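S.K.: sequence plus predicted model, see below.
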Amino acid sequence: MPAPAFLHSLIPHNAPTPFITLTYAQSLDAKIAGPGRRQIQLSGEESMLMTHWLRSMHEGIMVGIGTAVNDDPRLNVRLLPTEEHTNTPQPIILDPHLRLPPSAKLFKTLRDPETPHAKAPWILCRDDGDSLFDERRRALESVGGRIVPVPMPNALSTLPRILDELGINSLMVEGGAQIIHQFLTTPTSEDGKPLVDLLVVTVAPVLVPDGLAVPGGETSVDFEHLRTEVMGRDAVMIFRGKERCKGVVQL
Ligand SMILES: NC(=O)C1=CN([C@@H]2O[C@H](COP(=O)(O)OP(=O)(O)OC[C@H]3O[C@@H](n4cnc5c(N)ncnc54)[C@H](O)[C@@H]3O)[C@@H](O)[C@H]2O)C=CC1
Ligand SMILES: Nc1nc(O)c(N)c(N[C@@H]2O[C@H](COP(=O)(O)O)[C@@H](O)[C@H]2O)n1
C-alpha cells in the first residue's frame with residue numbers, strides 16, 4: 001500500500017532544518033495510555049500504518065526514557081514492505097541518567113535477522129553525570145548504544161542545535177506524556193524559532209477511564225490547523241507550528 005498522498009507535502013525539501021514533528025495517539029478523553037501507564041493500542045490499523053510512513057519520512061525518531069522503559073518500543077518501520085521505503089529513522093532516547101536497560105528491544109533488533117536495517121539507539125544523557133554513569137555507559141555501549149552527553153535541563157531548547165551537530169535534519173518525537181507536555185509548552189528553541197514544526201495527533205474513538213493524560217498546562221505554542229484526515233475509525237489531525245513553517249508546508 002503506498003503512503004497516504006497527503007503525507008508527501010508535510011515535510012518539504014526546503015523546510016528549515018532540523019524539522020521537528022511531534023506525534024502521538026490519544027483517546028476521545030485525551031488519554032495516551034491506560035491506568036498505571038499501561039501501554040495501549042489506540043491507533044487503528046490505518047492510522048498506525050500512517051504513523052509508520054511518517055517514521056520512514058524522518059531521519060530520527062525520539063522518545064523519552066519513561067516511554068523507553070515502560071513500552072520497550074522498537075521505533076522501526078516494520079509495518080511497511082521493505083521495498084516500499086528506503087529510510088529507517090535513527091532511534092534517539094532522551095535519557096538524562098542512562099536508565100535505558102541494555103536488554104531493551106532497541107538493542108535486540110540489532111541482532112534480529114528480521115530487522116536487518118535496525119539502527120543502534122543514540123542516548124542523550126546529561127553531560128555532568130557522576131561515576132555511576134561510567135558503568136551504565138559501558139553496559140550500553142557494549143550492546144551497541146551511542147552515548148551523547150548534552151547540557152541539561154534545557155535539553156529541549158538546545159535540541160535543534162544538538163540535532164544539527166548530530167547530522168539529523170528531521171526528527172519525529174513520539175512521546176511520552178512528559179515529553180509531549182514539554183514540546184507543547186516550550187515555545188521556542190534557543191535561537192527563538194518555534195520548536196515544533198508539525199503536530200500530528202491521532203484521535204481514537206475510545207474512552208480510557210483512569211488512563212494517563214498528557215500533563216496539563218498552558219500551551220504556549222501557536223499551532224495552525226492544516227487538515228483532519230479520517231483513517232479507518234480514527235481522526236488524524238495535522239497542525240503546523242505557526243511562524244516557522246509559514247509558506248512551507250502546503251497541503
Ligand atoms: N499514545 C501515544 O502515542 C504514546 C503514549 N506513551 C505513553 O506515555 C507514557 C510514558 O510517559 P512518561 O512516563 O511521561 O515518560 P516520557 O517518555 O515522557 O519520559 C520522561 C522522562 O524523559 C526525561 N525528560 C523529560 N523531559 C526532559 C528534558 N527537557 N530534558 C531531559 N530529559 C527530559 C526525564 O528523564 C523524564 O523522566 C507511557 O505510558 C507510554 O505508554 C508514550 C508515547 C506515545
Ligand atoms: N501512533 C501510536 N498509536 C498508538 O496507539 C500507540 N500506542 C503509540 N505508541 C507509540 O509507539 C511506540 C511503540 O513503538 P513500536 O511499535 O514498538 O515500534 C510506543 O512506545 C509509543 O511511542 N503510537
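M.R.: Received it, and whenever you're ready, just let me know what you need. Ligands and ions are numbered 1, 2, ... in the order given.
S.K.: bridging residues for residue 235?
M.R.: residue 203, residue 230 (DSSP bridges).
S.K.: which residues of the stretch 51-200 of the chain score low on pLDDT?
M.R.: Applying pLDDT under 70 to the stretch 51-200 of the chain flags the ranges 85.
S.K.: which bits of it sit near ligand 1?
M.R.: Residues of the stretch 51-200 of the chain lying close to ligand 1 by Cβ under 6 Å from any ligand atom are 63-67, 70-71, 94, 96, 152-153, 155-156, 174-179, 182. C-beta coordinates here come from the backbone N, C-alpha and C atoms, glycine included.
S.K.: where along the protein do the strands fall?
M.R.: Using DSSP state E, the strands found in the chain span residues 19-27, 31-33, 60-64, 90-94, 122-126, 146-150, 170-175, 198-204, 212-213, 223-231, 234-241.
S.K.: now do the contacts for the closest residue to residue 43 other than its chain neighbours.
M.R.: Leaving aside its chain neighbours, residue 43 sits nearest to residue 25 (4.6 Å; criterion: Cβ to Cβ, 6 or more residues apart in numbering). For residue 25, the contacting residues are 32, 42-43, 47, 51, 201-204, 234, by Cβ atoms under 8 Å, 6 or more residues apart in numbering.
S.K.: beta partners for residue 25?
M.R.: residue 202.
S.K.: any idea of the pLDDT on it?
M.R.: Model confidence at residue 25, given as pLDDT, is 98.
S.K.: report the separation between it and residue 19.
M.R.: 21 Å (Cβ to Cβ, to the nearest Å).
S.K.: quick revisit: save the contacts of residue 25 as TSV, and put in neighbour count too.
M.R.: Formatted as TSV, the contacts of residue 25 follow (neighbours: other Cβ atoms under 10 Å):
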residue	neighbour count
32	23
42	24
43	22
47	23
51	21
201	18
202	22
203	18
204	21
234	22
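S.K.: what's the nearest residue to the one residue in the stretch 151-251 of the chain that gets nearest to ligand 2 if we skip its chain neighbours?
M.R.: Closest to ligand 2 within the stretch 151-251 of the chain is residue 174: 3.8 Å, counting by Cβ to the nearest ligand atom. Taking Cβ to Cβ, 6+ apart, and ignoring the residues beside it in sequence, residue 174 has residue 63 as its nearest neighbour in space, at 5.2 Å.
S.K.: ok, now residue 121?
M.R.: Distances taken as Cβ to Cβ, 6+ apart put residue 91 closest to residue 121, at 4.2 Å, once the chain neighbours are dropped.
S.K.: buried sites along stretch 130-145?
M.R.: 133, 136-137, 140, 143, 145 (16 or more other Cβ atoms under 10 Å).
S.K.: contacting residues around the residue nearest the centre of the chain?
M.R.: With distances taken as Cα atoms, centre = their mean, the residue of the chain nearest its centroid is residue 173 (2.0 Å). Residues in contact with residue 173 (Cβ under 8 Å, 6+ apart) are 20-23, 61-63, 179-180, 183.
S.K.: please repeat the previous calculation with a cut-off of 10 Å.
M.R.: 20-24, 58, 60-64, 92, 94, 156, 159, 179-180, 182-183, 195-196, 199 (Cβ atoms under 10 Å, 6 or more residues apart in numbering).
S.K.: and it, bridged to which residues?
M.R.: Residue 173 has these beta-bridge partners by DSSP bridges: residue 22, residue 62.
S.K.: now for the nearest residue to residue 198 once chain neighbours are set aside, how many residues are close by?
M.R.: Distance criterion Cβ to Cβ, 6+ apart; nearest residue to residue 198, sequence neighbours excluded, is residue 21 at 4.3 Å. The tally of other residues near residue 21 (other Cβ atoms under 10 Å) stands at 24.
S.K.: I appreciate the help and will end here.
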